[in-house]
Each structure stands twice: as structure tokens, then as C-alpha cells.
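Undergrad: My questions are about this predicted structure, shown below with the sequence.
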Amino acid sequence: MPRPPNPHAKTKRLVLEGTIEEESVRIRAFKKICVADGLQMKKELLDLLDFWLKKHNWPPGNPQTLLHSFGVQTKITQQCQYPNCEEIATHECIPNSPYAQKKVFYCQKHHDHAKESRLLKASKRL
Ligand SMILES: [Zn+2]
């Protein structure tokens, strides 16, 4: 079992060792591509670390930073599920039928139509 990392250790090294063949293949491929493209492995790994640290909000660490700042898509872009409609859905709806318990996504027009026809148990805007 690998030793847990010690963030207070004096060494600045990060040792990456493939313990199974699949990991070793990936590490070798990484090295080969770096050599072929004239890239520095250290720089490539540090760039990946920057991305990872940003994703984990470190540093300076702002818990109020919105996820979309990191390129994470928070809003669902779903197509309307009404037959032959190609609009982007604006509402997530629960049909008013004991047989259909799944959520469906409707555009504004089909949401309004379903609501007027009392076909929806509940709906919320996306
Ligand atoms: Zn629609």
C-alpha cells in the first residue's frame, strides 16, 4: 500500500511510477510524445497541476468562485423532447401521469401547451 503524501515534507520531488502495465504504458507514451515534440515533461506536468489546482480552488482559494469560471458547464442544454421539436429546452417537467414518472424537457412553447392542457405535475425553469 502506498504511503500517504506528506505536504510538509522538505523534498520538492514528485515521483510518478507506473505500478501496473497500463500506467507504465501511459507514462512511456507521455515521455515519447514529450521527446518527439521537444516538450519539457516538468513544464507539461506543472501546467496540468495548475489546471487541477484551479479546479480545486487553490490558491488563493475563493469558495465563492463560480464553477463556470473554470469552464464547467452548470446549465443543462437539452433539446425539447416534444416530438419533432428542435428547440432548446427551457423547462424540466414532471408529467401528470402515473405511467410517466421520468422528467421531460420542454421548450417554452411546449411547456406552456402542456401546462394549459394540465399534463404537468410540476415544472421548473432551467
Ligand atoms: Zn418544443
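TA: Nice, I can see it.

Undergrad: what about residue 124, helix or strand, and which?
TA: strand 120-125 (DSSP states H and E).

Undergrad: Next: residue 27.
TA: helix 21-37.

Undergrad: which element follows that helix toward the C-terminus?
TA: helix 41-55.

Undergrad: The helix or strand just after that next one pairs with which strands, and in what direction?
TA: Per DSSP H and E, helix 41-55 leads on to strand 91-95 as the next helix or strand towards the C-terminus. With DSSP bridges as the test, strand 91-95 is paired with strand 104-106 (antiparallel), strand 120-125 (antiparallel).

Undergrad: for the first one, which positions count as buried?
TA: Right, the one you point to is strand 104-106. 104, 105, 106 (16 or more other CB atoms under 10 Å). Glycine gets a C-beta too; all of them are placed from N, C-alpha and C.

Undergrad: Equivalent analysis for stretch 26-36, please.
TA: So for stretch 26-36, counting by 16+ other CB under 10 Å, buried means residue 34.

Undergrad: Contact residues of this structure facing the ion?
TA: Within reach of the ion by CB under 5 Å from the ion, the chain has these residues: 80, 82, 85, 87, 107, 110.

Undergrad: repeat that with 8 Å
TA: 80-82, 85-87, 89, 106-111 (CB under 8 Å from the ion).

Undergrad: Residue 90 reaches residue 112, doesn't it?
TA: No. Here residue 90 does not reach residue 112: they are 10.0 Å apart, not a contact under CB atoms under 8 Å.

Undergrad: Who has more neighbours out of these two?
TA: Remark: of residue 90 and residue 112, residue 90 carries more neighbours, 17 against 12, as counted by other CB atoms under 10 Å.

Undergrad: quick one on the thing from earlier: name the residues that touch the strand holding residue 124?
TA: 90, 91, 92, 93, 94, 95, 96, 106, 111, 114, 115 (CB atoms under 8 Å, 6 or more residues apart in numbering).

Undergrad: Generate a ChimeraX selection restricted to the buried entries among those residues.
TA: Of the contacts of strand 120-125, the buried ones can be selected in ChimeraX as follows, counting by 16+ other CB under 10 Å:
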select :90,91,92,93,95,106,111,114
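
Undergrad: and stretch 3-11, average pLDDT?
TA: If you average the pLDDT over stretch 3-11, you get 82.
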